[in-house]
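Could you work out the structure for the sequence below:
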Amino acid sequence: MRVVTAREHGGSEVLRTEIRPDPVPGPGEVAVAVRACGVNFHDVYVRSGLYPGPLPVVPGLDGAGVVEAVGAGVTEVGAGDRVAWVDGTGGSYAERVVLPAARTVPVPDGVSLEQAAGVVLQGMTAHYLTHDTYRIARGDTVVVHAAAGGVGLLLVQVAKLRGASVVAVASTPDKMRLAAAAGADHVLHPGEDLAARVRGLTSGAGAAAVYDGVGRATFDASLASLRPRGTLALFGQSSGFVAPVAPQRLNEAGSVYLTRPNLVHYTADRAELLGRAGQVLRWLADGVIDLRIGGRYALGAAASAHAALESRRTSGKLLLIP
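I've put the predicted structure just below:
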């Protein structure tokens, strides 16, 4: 089978296509023929060395495909089943993967495998952020950074489902239009004074929550935009890591909450995984949410996909199609 590997850390040019033996599932595992896999900033961090780890590495957290073989003791799925996954160990940039059966989720009728690969990671992220990290109440004002990205467009839609007034931040006119089309009530440019605009839109109160996947470049403005006892959910760092924060800053901002959530901790057991993924996939099947696939690339063009993602030219979800 073909896989995409990085044998050294560096730019997108270090990604290479290699041939490896087809993987064989062990006990509790399944072998899946990959039909589509996602391209995410996490993959960029793994490739660049920002997230250090052993080399060579096959990037890729999420994908969807068809089960080809099952290992001993597997009862969750069978050969021929359509499944999707988010696997923190990586390895999805490949024609075939071996996964723990308990970490796969069934893909329902009415959802294609490309759609499943495009929605499972970002959709579950939007779900946990709005339902658990800060549980949006009807009438809350929330801020969504990078609102035209893979998470951002879904986050805007799910926040609206929960009854929020959404202030979206997007970096270009085209991306601002996409955020508005997703349902955002107000769309701002990163160059605006976010805190002042949010307070102006909330009669001085501030936002109940800010969902920030950008990090270093937006952190201070996000913190300043919160209402007293509001929540800053820092779920990514596409602009770089945030410097250490003195706890007193949270007091001065109004006894606010700062959290750095991770999907792994919101899908820790199979019941939670199936519930969260199942809800997102049903929304997609029923047309409750819309998925934007911003680009499809051949497996061998992974370097081009990474370069496009890092350029900030893209919107929606990028996929590799083996």
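
May I have the residues that are in contact with residue 208?
134, 136, 137, 140, 141, 142, 164, 226, 227, 230, 231 (Cβ atoms under 8 Å, 6 or more residues apart in numbering). Using the backbone N, CA and C atoms, a C-beta is placed for each residue, glycine as well.

Provide the partner residues of the last one in its beta bridges.
Listed by DSSP bridges, the beta-bridge partners for residue 231 are residue 209, residue 257.

tally of neighbours for residue 249?
Neighbours of residue 249 under the rule other Cβ atoms under 10 Å: 12.

the longest strand in the protein is where?
Ranked by number of residues, the top strand in the chain under DSSP state E is strand 29-39.

which is the next helix or strand following that one?
Proceeding N to C from strand 29-39, the next assigned helix or strand is helix 41-48, under DSSP states H and E.

Measure how the helix or strand that comes right after that next one sits relative to helix 41-48, angle-wise.
Remark: after helix 41-48, the chain's next helix or strand is strand 62-70, criterion DSSP H and E. Per axes from the mean of the first three to the mean of the last three Cα atoms, to 10 degrees, the angle that strand 62-70 makes with helix 41-48 is 80 degrees.

hey, C-alpha coordinates of strand 62-70 in PDB?
What follows is the C-alpha trace of strand 62-70 in PDB, where atoms were taken according to Å, rounded to 0.1, in the frame of the first residue of the first chain:
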ATOM      1  CA  ASP A  62      -9.200  11.300  10.800                       C
ATOM      2  CA  GLY A  63     -10.800   9.500   7.900                       C
ATOM      3  CA  ALA A  64     -13.400   7.100   6.600                       C
ATOM      4  CA  GLY A  65     -13.400   3.900   4.700                       C
ATOM      5  CA  VAL A  66     -14.600   0.300   4.500                       C
ATOM      6  CA  VAL A  67     -13.600  -2.400   6.900                       C
ATOM      7  CA  GLU A  68     -11.600  -5.100   5.000                       C
ATOM      8  CA  ALA A  69     -10.700  -7.500   7.900                       C
ATOM      9  CA  VAL A  70     -11.200  -7.800  11.700                       C
END
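
Now do the longest strand of the chain against strand 62-70, angle only.
Using the same axes, to 10 degrees: strand 29-39 against strand 62-70 is 160 degrees.

So what are the sheet partners of strand 29-39 and their directions?
Applying DSSP bridges, one finds strand 29-39 paired with strand 62-70 (antiparallel), strand 96-100 (antiparallel), strand 317-321 (antiparallel).

got a markdown table for these, with distance to residue 109, mean pLDDT and mean neighbour count too?
What follows is these, written out as a markdown table (distance: least, Cβ to Cβ, whole Å; pLDDT from 0 to 100; neighbours: other Cβ atoms under 10 Å):
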| stretch | distance to residue 109 | mean pLDDT | mean neighbour count |
| --- | --- | --- | --- |
| strand 62-70 | 14 | 98 | 23 |
| strand 96-100 | 22 | 97 | 22 |
| strand 317-321 | 21 | 97 | 23 |
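
related to what we said a few turns ago, now, the most widely separated pair of the contacts of residue 208?
Using Cβ to Cβ, these reach their maximum pairwise distance at 137 and 226, which is 15.3 Å.

Tell me which of the two has more neighbours.
Neighbours of residue 137 and residue 226, each counted by other Cβ under 10 Å, are more numerous for residue 226; the result is 26 against 10.

That one touches residue 211, doesn't it?
No: under the criterion of Cβ atoms under 8 Å, residue 226 makes no contact with residue 211, lying 11.6 Å away.

Just list the residues touching residue 198, thanks.
141, 143, 167, 206, 207, 225.

now the strands for the stretch 201-322 of the chain?
Shown for the stretch 201-322 of the chain, the strands assigned by DSSP state E, counting those that start in this stretch span residues 207-212, 226-234, 257-259, 293-298, 317-321.

Tell me which of those strands sits nearest to residue 83.
Across the strands of the stretch 201-322 of the chain, closest to residue 83 is strand 317-321 (Cβ to Cβ), at 16.2 Å.

Could you dump the strands paired with strand 29-39 into JSON lines with distance to residue 43 added?
Below are these laid out as JSON lines (distance: least, Cβ to Cβ, whole Å):
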{"stretch": "strand 62-70", "distance to residue 43": "10"}
{"stretch": "strand 96-100", "distance to residue 43": "14"}
{"stretch": "strand 317-321", "distance to residue 43": "10"}
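
Among those strands, which comes closest to residue 22?
So among the strands paired with strand 29-39, strand 96-100 is nearest, using Cβ to Cβ, at 5.6 Å.

contacting residues around the closest one?
Identification of contacts with strand 96-100 by Cβ under 8 Å, 6+ apart yields 1, 22-26, 28-34, 63, 65, 68, 85, 87, 91.

Quick check, central residue of this protein?
By Cα atoms, centre = their mean, the mean C-alpha position of the chain lies nearest to residue 122, the distance being 3.3 Å.
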